[in-house]
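Participant: One predicted model, sequence on top.
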Number of protein chains: 4
Amino acid sequence: MPITPEQCAEIDRQRAFAAETRRATVPALEEILYRPLPVLDHGFVRVIDYMGDDGAVVQAARVSYGRGTKRVSEDAGLIRYLMRHRHSTPFEMCEIKFHVKLPIFVARQWIRHRTANVNEYSGRYSVLDREFYIPAADQLAAQAASNRQGRGAVLAGDEAAQVLALLRQDAETAYAHYQQMLNEGDDGAKLDPERLGLARELARMNLPVNFYTQWYWKIDLHNLLHFLSLRADPHAQYEIRVYAGAMLDVVRRWVPAVYAAFVDYRLNAAALSATGLAVVRRLLAGEAVTAESSGLSKREWRELMVQLGRADA
Amino acid sequence: MPITPEQCAEIDRQRAFAAETRRATVPALEEILYRPLPVLDHGFVRVIDYMGDDGAVVQAARVSYGRGTKRVSEDAGLIRYLMRHRHSTPFEMCEIKFHVKLPIFVARQWIRHRTANVNEYSGRYSVLDREFYIPAADQLAAQAASNRQGRGAVLAGDEAAQVLALLRQDAETAYAHYQQMLNEGDDGAKLDPERLGLARELARMNLPVNFYTQWYWKIDLHNLLHFLSLRADPHAQYEIRVYAGAMLDVVRRWVPAVYAAFVDYRLNAAALSATGLAVVRRLLAGEAVTAESSGLSKREWRELMVQLGRADA
Amino acid sequence: MPITPEQCAEIDRQRAFAAETRRATVPALEEILYRPLPVLDHGFVRVIDYMGDDGAVVQAARVSYGRGTKRVSEDAGLIRYLMRHRHSTPFEMCEIKFHVKLPIFVARQWIRHRTANVNEYSGRYSVLDREFYIPAADQLAAQAASNRQGRGAVLAGDEAAQVLALLRQDAETAYAHYQQMLNEGDDGAKLDPERLGLARELARMNLPVNFYTQWYWKIDLHNLLHFLSLRADPHAQYEIRVYAGAMLDVVRRWVPAVYAAFVDYRLNAAALSATGLAVVRRLLAGEAVTAESSGLSKREWRELMVQLGRADA
Amino acid sequence: MPITPEQCAEIDRQRAFAAETRRATVPALEEILYRPLPVLDHGFVRVIDYMGDDGAVVQAARVSYGRGTKRVSEDAGLIRYLMRHRHSTPFEMCEIKFHVKLPIFVARQWIRHRTANVNEYSGRYSVLDREFYIPAADQLAAQAASNRQGRGAVLAGDEAAQVLALLRQDAETAYAHYQQMLNEGDDGAKLDPERLGLARELARMNLPVNFYTQWYWKIDLHNLLHFLSLRADPHAQYEIRVYAGAMLDVVRRWVPAVYAAFVDYRLNAAALSATGLAVVRRLLAGEAVTAESSGLSKREWRELMVQLGRADA
């Protein structure tokens, strides 16, 4: 369960609040504001605040005195133009703030994106919760044989059972020892009145990286789309990809015209190298190009054939 | 006049809009939303959008599920603590967007602050307006004798009159020639039907840097405060300092508790070097320290005496 | 002339210096170190310092204890892989520092790239030189008819002559008045002993944006390549494109394997939108796709046909 | 032991290399180039490359054509001036690259500094080493009573022994299970030929955050000094402070004039709030100010008295 009843109540109280504003407002996003969107076994993504909408992109591109928007179709056309020509600054004019709960090893990949603002829950200052990530059975994949950075077949039977048992048992033990070193029980009371208890900033070093942490994360739309194009990609690790998926849904609600342009020009677009482009031209001219005569490496040739619909992925 | 009646009407239309939101909302800032705050002879600063309030700072610092705020005094105490200990990330959780009209030479200083988002009016794409900055008489300062980067006495009489005349005349001529090269009049019509007209991206190179440009500028609160601490400083050039002043007023409306902490711990605070601190300790111990025995340079000694209230600035 | 004999002598003195180092060193770049590479009529680009080489990219990618490089072909293969899969961090491990002299309006476009370090010559502190950019005759282009942000035919005859005369005359006048306001001649002496002279930070506002400024500019290789991919592009204004061209030559000398991968995967690569990719697949399947049945806008269709070699640019 | 004999040999091979360069070179830094400076029980900091020296700071500040340096005393004076007036850009003109081995929980604090380039060893791609951090006995501190984010007295006797035993035992178990899940022994061979072995990107999630990771980390001098001012501070956690200490020594070798200015104006400097400054002025005027009449909170009063040498820390 990602959140407790107390946290749920806090969220409901905040959702009950309403005020009038002159700012750009997006009803479809207001609808889910503050609500945890569940990800993995204990994680979530919640939208905490946002600035701007589709109109804010065109308003900035036009450096307008007023709203700056024209007909919806004209605005969408401008947004497509800006996305196509890689104008990044108008998309930086929208901003969004998330509260995310995520395993530490996912947080370590996530934080590599530097153009964002982050406030993380502090294990120096506070005691961490007993919550850790255990993969679902269908995500218990073997090491890929062909690709050092990927997953292969799903483990089965005994091997799967043992992995799950080890992960669970080590996490439980680590947390029990964490409390023992802190000399502090679930209720915050001292376990042994004679002991001092190790400093929080030291005791936490015993916890494995599948433990959950959480943070407030704020980013502009341009950099969010860049993050999503990398992390929603099939090459990204599954455990971060599911967070990217949840945030893509948020973007669709928030700025539908930007989302549509992003899908066409980035997410589902194809990048052809100069050599790859030459192959396409030769094919279109009727030439029978082969892997050997293409000038591409075997892997690049195969990838190109998949892109062009001439081979299966 | 900073804005035209048409622009005024656009702004009024936008101000008339109101929507309901669950987001943190600041009535004192809503009051002036979109309104141009005049700066210099033709410039302005307008707040276009904002995210967060004082509460958003403590909410992020606490990584809260709900609003995260407690009693006002407790929140203000936490904000003071964060400011004092140079915690920057909670202040990054608020964001503001301005529309600014400013002379090009001010824009060139301003843009040096890189941690912000900018969309500038394009002289490649559009024709620039006939608007340039002429200093007020009391700002027509001579070069400082003691400081290569500062202003001295105000020019008077003939010298002042001639400077103003030259500035005005060169700006007028430059704009007239700009239009002539573009082959385009105030109404956008061709001046000479036989001529092609020079490309906008080239013709604009004739305009001096006292011409006004404008941009949308978006920044988080932490970086805004950093900008203001440098640009509201007496060492900053007057023409950018007045913009910083206008934005300080905006910050006071927007996040009053952060503003108060900022004034105490940054704007009016003192930085003592290790050597300066040693001088203060010796003075408090009753020693008669002199410039010579202080270990400070003459300039640093004088500045320290001013800080300590023992000499006039 | 981009530099004076005195500056030339200073550069020669610096080039005469040699020291031993254990650092990665690139002879082909050492050869041109400090030498001004001329750009436009008075501008230049000079390499002042650099860190790393092709090997530094693979060394970082492998987080090596030693040099980290293997056979040249293996290293080049890894560099191609990293470029193809948009791994940016290994390319950030090389750094280069330039001294650039460029017109102010070019500097204003350039500075929009924020992930770089800049130290600009200060017009507050120092008197600016009498040097301004006048386009060569073949660059005196008319406004493009089809594209608001581009150039059309080259101006000829009278119109061209008049534009050049206006540009030259306004720049000369502006500089003469700049000196008059400063009350300072070419030799730095007072023009009129009775006058105070206007502060430098004010007087400079009279100079048009075709005057030259200069700066030290330092950037990592990843961000430099991003800058070059945007500014060497045909859509970039000619006056910044020529600087990008000069720097591309520097990159080729400095990191030849990275340069080759960059040309194949970025500079000469093609980005197909999802819709564009579908068109290519249909064409390859033998379908007779037309602009109308393509799902693309007219402009996108035309651009795709040019990319595929089925129409002229 | 931080490094193996094989790694040692690789480092020695790289140190044996020497080339001639025209670049600014610092013999005192060349001396230790590539050598691991030990930190904690298995960690280190190694300088891999550097750009610039003290002279590069003044060269950039002067936007020089040549070396840009004058007499050593004049250069040092300019550097002090730049540091005192918080000019950041000249210090950005020097760059340094480190190879660092550090526990994951230290890496998680470190990475919060965003203005740097990082390449981390990948647990998705490679198998991690059996190396984890165990605090020395004198660093086994209890939670501070007065400060939620600090350390108190050092644990003794049984409690200390048990903490050390738990940390060691959990780390050993976690690594053994990591190998078991990978189905891979120390020699890289399969443990059980019947099993597939869990993907590396999943198996690593079992390792606690006291395991060591390593990365290449590159940063400019301005941002490095900012990092050091925060992480060499007594409020920083001991385990990151020792890394900051090692890097301070590197800075002293590399740019001695910048280092001296940094110590005087930052590291050992004092920041007085407006209220604190008023207290100092009143004290100097002979007034008997008390905590109550000071306008300061109790904690701020105590800190001020310590700063002024009127109370012990």
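Facilitator: That came through fine. Treat the numbers as computed from the prediction; the structure is a model and nothing was measured. Numbering: from 1, shown residues only, chains lettered A, B, ... in the order given.

Participant: spatially speaking, which residue is in the middle of chain A?
Facilitator: Central residue of chain A (Cα atoms, centre = their mean): A:Ala244, 3.1 Å from the mean position.

Participant: Would you mind confirming that A:Trp215 makes contact with A:Ser122?
Facilitator: No - using Cβ atoms under 8 Å, A:Trp215 is not in contact with A:Ser122; the gap is 10.1 Å. For the C-beta atoms, the positions are set from N, CA and C on the backbone; glycine is no exception.

Participant: Between those two, which is the more surrounded one?
Facilitator: A:Trp215 (21 against 17; other Cβ atoms under 10 Å in any protein chain shown).

Participant: residues contacting the more buried one?
Facilitator: A:His99, A:Val100, A:Leu102, A:Ala107, A:Val118, A:Asn119, A:Glu120, A:Tyr121, B:Val63 (Cβ atoms under 8 Å, 6 or more residues apart in numbering or on different chains).

Participant: Next, format the residues you listed as CSV and append neighbour count and distance to D:Ile32.
Facilitator: What follows is the contacts of A:Trp215, written out as CSV (neighbours: other Cβ atoms under 10 Å in any protein chain shown; distance: Cβ to Cβ, whole Å):
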residue, neighbour count, distance to D:Ile32
A:His99, 23, 45
A:Val100, 25, 41
A:Leu102, 26, 39
A:Ala107, 22, 34
A:Val118, 22, 34
A:Asn119, 24, 37
A:Glu120, 19, 34
A:Tyr121, 16, 38
B:Val63, 19, 41
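
Participant: In helices, which of those residues appear?
Facilitator: A:Ala107 (DSSP state H).

Participant: Name the nearest residue to A:Leu140, sequence neighbours excluded.
Facilitator: In this structure, A:Leu140 finds its nearest non-sequential neighbour in A:Leu155, 4.7 Å apart by Cβ to Cβ, 6 or more residues apart in numbering or on different chains.

Participant: next one: A:Gln179
Facilitator: Per Cβ to Cβ, 6+ apart, closest to A:Gln179 is A:Gly185, 6.5 Å.

Participant: From what I see, that neighbour and A:Leu191 are in contact.
Facilitator: Yes - between A:Gly185 and A:Leu191 there is a contact under Cβ under 8 Å: 5.4 Å.

Participant: hey, what's in contact with both of those two?
Facilitator: By Cβ under 8 Å, 6+ apart, A:Gly185 and A:Leu191 have these common neighbours: A:Gln179.

Participant: Next, count neighbours for the residue nearest to A:Gln179.
Facilitator: So A:Gly185, with other Cβ under 10 Å, has 11 neighbours.

Participant: Tell me, what's the model's pLDDT at it?
Facilitator: A:Gly185 is assigned 95 on the pLDDT scale.

Participant: Can you give me the separation between it and A:Arg124?
Facilitator: 20 Å (Cβ to Cβ, to the nearest Å).

Participant: Kindly report the same for A:Met51.
Facilitator: Applying Cβ to Cβ, the value for A:Met51 to A:Arg124 is 31 Å.

Participant: go on, A:Leu196?
Facilitator: Distance from A:Leu196 to A:Arg124, by Cβ to Cβ: 17 Å.

Participant: For the two, indicate the residue with more neighbours.
Facilitator: Between A:Leu196 and A:Arg124, counting by other Cβ under 10 Å, A:Leu196 is the more crowded of the two (20 against 16).

Participant: what residues are up against the more buried one?
Facilitator: Applying Cβ under 8 Å, 6+ apart, the residues near A:Leu196 are A:Asn183, D:Ala142, D:Gln143, D:Gly152, D:Ala153, D:Leu155, D:Glu159.

Participant: List the single closest residue to the residue in the stretch 101-250 of chain A that chain B sits nearest to in space, sequence neighbours excluded.
Facilitator: Going by Cβ to the nearest Cβ, chain B is nearest to A:Asn117 of the stretch 101-250 of chain A, at 3.8 Å. Distances taken as Cβ to Cβ, 6+ apart place B:Glu92 nearest to A:Asn117, at 3.8 Å, with adjacent residues excluded.

Participant: Contact distance from chain C - what residues of chain A qualify?
Facilitator: Residues of chain A lying close to chain C by Cβ under 8 Å from any Cβ of the partner chain are A:84-86, A:89, A:112, A:230, A:235, A:263-265, A:267-277, A:280-281, A:283-285, A:300, A:307-310.

Participant: let's see 7 Å
Facilitator: Residues of chain A lying near chain C by Cβ under 7 Å from any Cβ of the partner chain: A:263-265, A:268-275, A:277, A:280-281, A:283-284, A:307-309.

Participant: Next secondary structure element downstream of the host helix or strand of A:Arg282?
Facilitator: In the assignment (DSSP states H and E), A:Arg282 maps to helix A:274-284. Reading on from helix A:274-284 to the C-terminus, the next helix or strand found by DSSP H and E is helix A:291-294.

Participant: Just the buried residues of that following helix, please?
Facilitator: For helix A:291-294, the neighbour count (16 or more other Cβ atoms under 10 Å in any protein chain shown) marks A:Ser294 as buried.

Participant: as a whole number, average confidence for the next helix or strand after that helix?
Facilitator: Later in the chain than helix A:291-294, the nearest helix or strand by DSSP H and E is helix A:298-307. The average pLDDT for helix A:298-307 rounds to 93.

Participant: What is helix A:298-307 packed up against?
Facilitator: helix A:274-284, helix A:291-294 (3 or more Cβ pairs under 7 Å, 6 or more residues apart in numbering or on different chains; DSSP states H and E).

Participant: The residue located most distally from the centre of chain A and D:Ala160: what is the separation?
Facilitator: Distance from the C-alpha centroid of chain A, by Cα atoms, centre = their mean, peaks at A:Glu194 (45.2 Å). A:Glu194 is 13 Å from D:Ala160, where distance means Cβ to Cβ.

Participant: Can you show me the strands along chain A?
Facilitator: For chain A, the strands defined by DSSP state E occupy A:19-21, A:37-39, A:43-51, A:95-103, A:117-120, A:141-143, A:151-154, A:212-220, A:270-272.

Participant: helices and strands around the fifth one, which ones?
Facilitator: Put plainly, it is strand A:117-120. strand A:212-220.

Participant: any chance of the strands of chain A in CSV, with mean pLDDT too?
Facilitator: Shown next, in CSV, are the strands of chain A (pLDDT from 0 to 100):
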stretch, mean pLDDT
strand A:19-21, 97
strand A:37-39, 97
strand A:43-51, 98
strand A:95-103, 98
strand A:117-120, 96
strand A:141-143, 92
strand A:151-154, 90
strand A:212-220, 97
strand A:270-272, 94
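
Participant: Rounded mean pLDDT for the longest helix along chain A, please.
Facilitator: Longest helix in chain A, counting residues (DSSP H): helix A:157-182. Here helix A:157-182 scores 97 as its mean pLDDT.

Participant: Which elements pack onto that helix?
Facilitator: helix A:200-203, helix D:157-182.

Participant: and it with helix D:157-182, angle?
Facilitator: If you take axes from the mean of the first three to the mean of the last three Cα atoms, to 10 degrees, helix A:157-182 sits at 160 degrees to helix D:157-182.

Participant: In helix A:157-182, which residues are buried?
Facilitator: By neighbour count on 16+ other Cβ under 10 Å, the buried set for helix A:157-182 is A:159-160, A:162-164, A:166-167, A:170-171, A:173-175, A:177-182.

Participant: Thanks a lot, catch you later.
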